[in-house]
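Trainee: this one's structure only:
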């Protein structure tokens, strides 16, 4: 159940949920589906989904769209506030709404399917990823308005079209989005281009092209404009009576908020590296406990997040190789070559970790560079100190007595007593020893020392 929801309202009310720059994932899928179910059961006039998303998983998007198309309550998708966007998966959700609206200074589009991947093999994927990141860094705040970034996207699409499996998924997605658009009376031609060509539109262009139904400044303006509008629910015409309706916000539960947070690509990436670091520390310093427990928890959370993100497992292998090379640098004299190789493998694996044409569903370069540098420094330091400690001779217990010097307290021929390490011991020697003679311990059996003269 969603947390913080008020009791069933008696007066006319509109339920409102907000996705603020959140990735479409199983978590947001559950949130939307529960909100629709709640709105159906509590007699809401309609459900308003205020949407701002860079996109997400195609599987979760399909489940959300299916629920929207079969909802028994009108659902209004409102791309807002100003500066928001309905990217990738957000396009499908917006088109599937009974009423689609956008706020000023928003945009919609670029619905290229995430699950298609990036086609063309690992090397081509890596080259495109590096080119795209470089283009994004060079474009700065102008990213996404054309130029190099657009050229990289077009190259990606062109190469995917040469991949039979990618083309099959694209064709299926085009047919799906076209059906959605036609069912809601929207521009199916533009919807198909949003998938095949990653086209985008501003709010004014979207209204002109019949992608959305209206432009509203805020939620009250939205409710005012949809007053009296007729929508169809499973073949039955329903007139919206939103004038004067109370707006009831349905927030995420604490659990959903937490899961939505850890499924962000940057957070999932950090959890994976922290988990790896914790386990390395535990293996090199056995017996402490906390680093190993914390590392295992972080890794399990990262694995959960990876289930909801388009993960490239070749990238995870690269990251593992990178960490292994850093550890090997301590044991093998390579004059820094293994460390350099480890840093390169870590960086490339991080760049390739999440397969998506949208930078919001990838680990940011600003996160990768300092994290890789810090991880490399910590691993080298921790492992070096651990190996140094392990190389030290044992100074305690029976093993710590071997090689220690002492003095014969009595004659030892072949048995007697010696004073070693501040204690008096039974001793045995194959060579006769006189009292006061200096001896060295060569072996320990139980509580008896085997000694020899110095």
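Mentor: Structure's in. What do you need? The structure displayed is predicted, hence computed values, not measured ones. Numbers count the residues shown, from 1 in each chain.
Trainee: Tell me the helix or strand right after the lowest-mean-pLDDT helix or strand in the chain.
Mentor: When each helix and strand of the chain is scored by mean pLDDT, DSSP states H and E, helix 148-161 comes last, with a mean of 50. As assigned by DSSP states H and E, the chain's next helix or strand after helix 148-161 is helix 164-183.
Trainee: distance of residue 17 from residue 36?
Mentor: 9 Å (Cβ to Cβ, to the nearest Å). In short, each C-beta sits where N, CA and C put it, glycine included.
Trainee: typo on my end, residue 434
Mentor: 97 Å.
Trainee: out of the two, which sits in the more crowded spot?
Mentor: residue 36 (23 against 12; other Cβ atoms under 10 Å).
Trainee: helix or strand right after the helix or strand containing that one?
Mentor: According to DSSP H and E, residue 36 maps onto helix 26-41. Next along the chain after helix 26-41, taking DSSP H and E as the criterion, comes strand 47-52.
Trainee: Give the other helices and strands that that following strand contacts.
Mentor: Helices and strands touching strand 47-52, by 3 or more Cβ pairs under 8 Å, 6 or more residues apart in numbering; DSSP states H and E, are strand 13-20, helix 26-41, strand 75-79, strand 85-87, helix 89-96, helix 219-226.
Trainee: So residue 416 sits against residue 409, correct?
Mentor: Yes: counting by Cβ atoms under 8 Å, residue 416 sits close enough to residue 409 to count as a contact (7.4 Å).
Trainee: So for stretch 271-281, mean pLDDT?
Mentor: Averaging pLDDT along stretch 271-281 gives 86.
Trainee: what touches both of residue 17 and residue 36?
Mentor: Residues touching both residue 17 and residue 36 (Cβ atoms under 8 Å, 6 or more residues apart in numbering) are residue 47.
Trainee: Can you pull out the low-pLDDT segments for the stretch 201-350 of the chain?
Mentor: 284, 287-288, 333 (pLDDT under 70).
Trainee: go again using 80 as the cut-off
Mentor: Applying pLDDT under 80 to the stretch 201-350 of the chain picks out residues 280-281, 283-289, 308-310, 327, 329-336.
Trainee: any idea where the helices of it begin and end?
Mentor: 203-208, 219-226, 254-262, 265-284, 290-307, 313-331, 337-352 (DSSP state H, counting those that start in this stretch).
Trainee: which residues sit against stretch 211-223?
Mentor: 14, 16, 48, 50, 76, 78-81, 94-95, 99-104, 108, 186-187, 190-191, 201, 203-207, 225-226, 229, 242-243, 245, 247.
Trainee: Buried ones among the residues you listed?
Mentor: 14, 16, 48, 50, 76, 78-81, 94-95, 99-103, 108, 186-187, 190-191, 201, 203, 205-207, 225-226, 229, 242, 245 (16 or more other Cβ atoms under 10 Å).
Trainee: what about the closest residue in space to residue 69 that isn't next to it in sequence, how many neighbours?
Mentor: Spatially, and ignoring its direct neighbours in sequence, residue 69 is nearest to residue 96 (5.8 Å; Cβ to Cβ, 6 or more residues apart in numbering). Neighbourhood size, residue 96 [other Cβ under 10 Å]: 24.
Trainee: do you know how far residue 96 is from residue 49?
Mentor: 10 Å.
Trainee: Between the two, which contacts overlap?
Mentor: residue 77.
Trainee: quick revisit: closest to residue 234 out of the helices and strands packed on strand 47-52?
Mentor: Among those, helix 26-41 comes nearest to residue 234, with 11.9 Å by Cβ to Cβ.
Trainee: just checking, what packs against the closest one?
Mentor: Counting contacts by 3+ Cβ pairs under 8 Å, 6+ apart, helix 26-41 packs against strand 13-20, strand 47-52, helix 58-69, helix 254-262.
Trainee: Compile these into TSV and extend it with columns for distance to residue 449.
Mentor: Formatted as TSV, those follow (distance: least, Cβ to Cβ, whole Å):
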stretch	distance to residue 449
strand 13-20	73
strand 47-52	77
helix 58-69	70
helix 254-262	58
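Trainee: Name the stretch among these that sits most buried.
Mentor: For the helices and strands packed on helix 26-41, average neighbour numbers computed from mean count of other Cβ atoms under 10 Å are highest in strand 47-52, which has a mean of 26.
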